[in-house]
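Engineer: From the sequence below, what's the structure:
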Amino acid sequence: MFTSIITSKTYWKSVFLIAVGFIIIFSIVEHFLQYRGLEFDTFVAEKIDNGRWIRYAISRIVGGFLYGTIMAYYFELRKRKAKQ
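Structural biologist: Coordinates of the predicted model:
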């Protein structure tokens, strides 16, 4: 069952959508918790300047991909078990 889930197209579409949603929501929540509002100048100074944007972007992409992979597998497995 693992290989049939991993190789399905719908699984990877779900991974992508869940990952993008996670990246957006997590980034917004973290921004408001860390800066207590819309502080774009401080954000740019801390996260973007001096080449730190690469680390910031990679951490978001990897985190989103991992979360999307785990959650999409869980949803797909639950859906397939319900059909049986």
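Engineer: State the pLDDT value of the residue most central in space within the chain.
Structural biologist: In the chain, the residue lying closest to the centroid (CA atoms, centre = their mean) is Gly64, at 2.0 Å. You'll see Gly64 listed with a pLDDT of 97.
Engineer: do the same with Leu77
Structural biologist: Reported pLDDT for Leu77: 92.
Engineer: Next: Gln84.
Structural biologist: Gln84 is given a pLDDT of 82.
Engineer: for Gly68, same thing?
Structural biologist: 97.
Engineer: which residues touch it?
Structural biologist: Applying CB atoms under 8 Å, 6 or more residues apart in numbering, we find Gly68 in contact with 14-19, 22. Any C-beta I mention is one placed from the backbone N, CA and C, and that applies to glycine too.
Engineer: In PyMOL, how would I select just the buried ones from the residues you listed?
Structural biologist: A single PyMOL command selects the buried members of these (16 or more other CB atoms under 10 Å):
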select buried, resi 14+15+18+19+22
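Engineer: residue contacts, Lys47?
Structural biologist: 53, 56.
Engineer: Phe22 contacts Leu66, correct?
Structural biologist: No - at 9.2 Å, Phe22 does not count as touching Leu66 under the criterion of CB atoms under 8 Å.
Engineer: one step back: could you find the closest non-adjacent residue to the residue nearest to the centre of the chain?
Structural biologist: Ala19 (3.7 Å; CB to CB, 6 or more residues apart in numbering).
Engineer: for the one you found, what are its contacts?
Structural biologist: Contacts of Ala19 by CB under 8 Å, 6+ apart are 61, 64-65, 67-69.
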